Each structure stands twice: as C-alpha cells, then as structure tokens.
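**Q** Sequence and predicted structure below; questions after.
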Amino acid sequence: MKRMNLRDVPDDVYAALADAAAANRQSLSAFVVDRLAEIAEVTRLDAYVDSYQPPRGSGLTIDDATAAVRDVREAS
C-alpha cells in the first residue's frame, strides 16, 4: 500500500472528518481512506457509463435514464 500525507487541511475540515471518523468508530486515517476509495470508484464510474450498453429489447438509452434521474432530482 502507498502512503499519503496531506498538508494545509483547513481546521474545520479536519474537525469534521475527525468527528465523522469517531461517529463511525474508525480512526481518522481509516475514515479518510474509505472516503478516498469512494471518490476513486466515482471517477471509474465515468468510464463505465461511457461503455454501458442497455439490456437488449428494453428500448431505453442512457439519455433516457439520465433524463429520468434529472426529473426525480428536480421534483424533490
């Protein structure tokens, strides 16, 4: 595993992360690594969406799905 050091973390950001880590019963390091892993998954998601092929015969396109998600977001 690689090691990473962070600098210039604002005090309020550090405090929020430390509080969230404690609430999740994790060390600050473990909590931040979990959040970074989530971000890494999202960045890989773009490649997945670009290569996604809808099930055959569904008649749906990625544009249809995107529009449906936007409609739900706007309604709430």
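**A** All right, it came through fine. Since we're looking at a predicted model, the values are computed, not measured.
**Q** Could you check which helix or strand contains residue 42?
**A** Using DSSP states H and E, residue 42 falls within helix 28-51.
**Q** next one: residue 73
**A** helix 62-75.
**Q** Would you mark the buried spots in the helix holding residue 42?
**A** Buried residues in helix 28-51, counting neighbours by 16 or more other Cβ atoms under 10 Å, are found at 31-32. No exception for glycine: its C-beta is placed from N, CA and C like everyone else's.
**Q** now the angle from it to helix 62-75?
**A** Using axes from the mean of the first three to the mean of the last three Cα atoms, to 10 degrees, the direction of helix 28-51 lies 130 degrees away from that of helix 62-75.
**Q** got the contact list for helix 28-51?
**A** 17-18, 20-21, 24, 26, 62 (Cβ atoms under 8 Å, 6 or more residues apart in numbering).
**Q** most neighbours, which of the residues you listed?
**A** residue 21 (18 neighbours; other Cβ atoms under 10 Å).
**Q** which one is it nearest to, not counting chain neighbours?
**A** residue 31 (3.6 Å; Cβ to Cβ, 6 or more residues apart in numbering).
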